[in-house]
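Colleague: need a structure here:
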Amino acid sequence: MSAIRVGLDVGGTKIDALALASDGEILARTRIPTGWGDHAVVAAVHDAVAALADAGGFPVSDVASVGIGIPGLIDADAGRVLHAVNLGVTELDLADAVRVRLPVPVSVENDVKAAALGAGSLRGDAHSMAYLNLGTGVAAGIVIDGALWRGARGTAGEVGHLSVDPRGRVCGCGQRGCIETFCGGGAVSKAWGRGGELPLRDIFDLAEDGDAFALELREGIAFGAASAVRSLVLGADIETVVIGGGVTALGERLLDDIVRRLRQESAESPFIGSLRLDERIELLPIGSPAAALGAALVGAARLPAELV
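Modeller: This next block holds a predicted model:
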């Protein structure tokens, strides 16, 4: 066994690690806790590679490349992470730091963009798609003909900060009524203000029981997600929008709400109706390896031609 591609999806609490063979077979997958701060994040990356090798029964020396998907602003060319606040990282040359102990090609990409590549690979169709992440925040990665489309300055897909209600709640970015204020898990939980272990699930449950504020927030989630889908299709003529992230743990209830909202908007506008937005969306299955797989693909892209 050789030329193994490792993909790491580094989140605020855990790293989802995946080992990929040259033929695309997933050889192993494991999870370990994430560290806090520069040194701890680098150490956790090395620990994740070692844990993955143990799980897959191969030596670390068989690892040919490492791809890392991580939140924050990413300088992909330099392998640098900026402002990954949930990890305690302000500025970290992550690729260089990892290569000190693991001298293989190391690539770093924004976690949502990496997940977009992985989702496209899993679907077997990355011709024209977007991965819409409804998590603590809201953002999308756009894939055209199998390659990430970043735009002129790397902000393509940042639909979470499109304002759709100038009188809406203040967003963390300083604007009012951003899409993220409607369907971002952090913003919705803050607006709910009632605590609870799973506030979004509580909102959906209480909305079904007739709670007026829960109904308002649930409708807002559907409105925000539908607005994100509409923006992606209108902005880049994306054929398919795959929706993932923590909010999708709500499952079919969420999907049904988004479809209903899209159909309502289609009925009010022949132009929007002609786009058939409700037919262009799907949920990423819970537990999907898309993010770690995408990271592995990002890392493999820097391998020499003879190892690809």
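Colleague: Contact partners for Ser128?
Modeller: With contact set as CB atoms under 8 Å, 6 or more residues apart in numbering, Ser128 has these partners: 143-145, 237-240. All C-beta spots, glycine's among them, are computed from the backbone N, C-alpha and C.
Colleague: Can I have the buried ones of those residues as a PyMOL selection?
Modeller: If you want just the buried ones from these in PyMOL, going by 16 or more other CB atoms under 10 Å, the selection is:
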select buried, resi 143+144+238+240
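Colleague: The contacts of Ser128 in helices, which ones?
Modeller: Among the contacts of Ser128, no residue falls in helices (DSSP state H).
Colleague: any chance of the contacts of Ser128 in a markdown table, plus distance to Ala55 and pLDDT?
Modeller: Formatted as a markdown table, the contacts of Ser128 follow (distance: CB to CB, whole Å; pLDDT from 0 to 100):
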| residue | distance to Ala55 | pLDDT |
| --- | --- | --- |
| Val143 | 28 | 95 |
| Ile144 | 34 | 93 |
| Asp145 | 34 | 90 |
| Asp237 | 41 | 92 |
| Ile238 | 35 | 94 |
| Glu239 | 36 | 95 |
| Thr240 | 32 | 96 |
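Colleague: Tell me the one of the contacts of Ser128 nearest Gly151?
Modeller: Ranked by distance to Gly151 (CB to CB), the contacts of Ser128 are led by Ile144 at 11.2 Å.
Colleague: Identify the nearest residue to the closest one in space, disregarding sequence-adjacent positions?
Modeller: Ser128 (6.0 Å; CB to CB, 6 or more residues apart in numbering).
Colleague: And the pLDDT for the one you found?
Modeller: For Ser128, the model assigns a pLDDT of 93.
Colleague: what does the one 10 residues further on give?
Modeller: pLDDT, the model's per-residue confidence, is 96 for Val138.
Colleague: in the sheet, who's paired with it?
Modeller: Under DSSP bridges, the beta-bridge partners of Val138 are Leu134.
Colleague: how many neighbours does it have?
Modeller: 30 (other CB atoms under 10 Å).
Colleague: what about the stretch 1-150 of the chain, any weak spots by pLDDT?
Modeller: Along the stretch 1-150 of the chain, segments meeting pLDDT under 70 span 1-2.
Colleague: Please name the residues that touch the residue nearest to Gly246 when sequence neighbours are not counted.
Modeller: Distances taken as CB to CB, 6+ apart put Gly135 closest to Gly246, at 4.7 Å, once the chain neighbours are dropped. By CB under 8 Å, 6+ apart, Gly135 lies in contact with 184-185, 245-247.
Colleague: now Gly172
Modeller: 180, 187.
Colleague: Please enumerate the strands of the chain.
Modeller: Using DSSP state E, the strands of the chain run over 4-10, 14-20, 26-33, 63-70, 73-75, 80-84, 89-93, 106-110, 128-134, 138-144, 147-148, 240-244, 281-283.
Colleague: what are the pairing partners of the fourth one, and which direction each?
Modeller: Right, strand 63-70. Using DSSP bridges, the strands paired with strand 63-70 are strand 4-10 (parallel), strand 106-110 (parallel).
Colleague: Just want the most central residue of this structure.
Modeller: Val112 (3.1 Å; CA atoms, centre = their mean).
Colleague: doesn't Gly137 make contact with that one?
Modeller: No. In this structure, Val112 is not within contact of Gly137 by CB atoms under 8 Å, at 9.1 Å.
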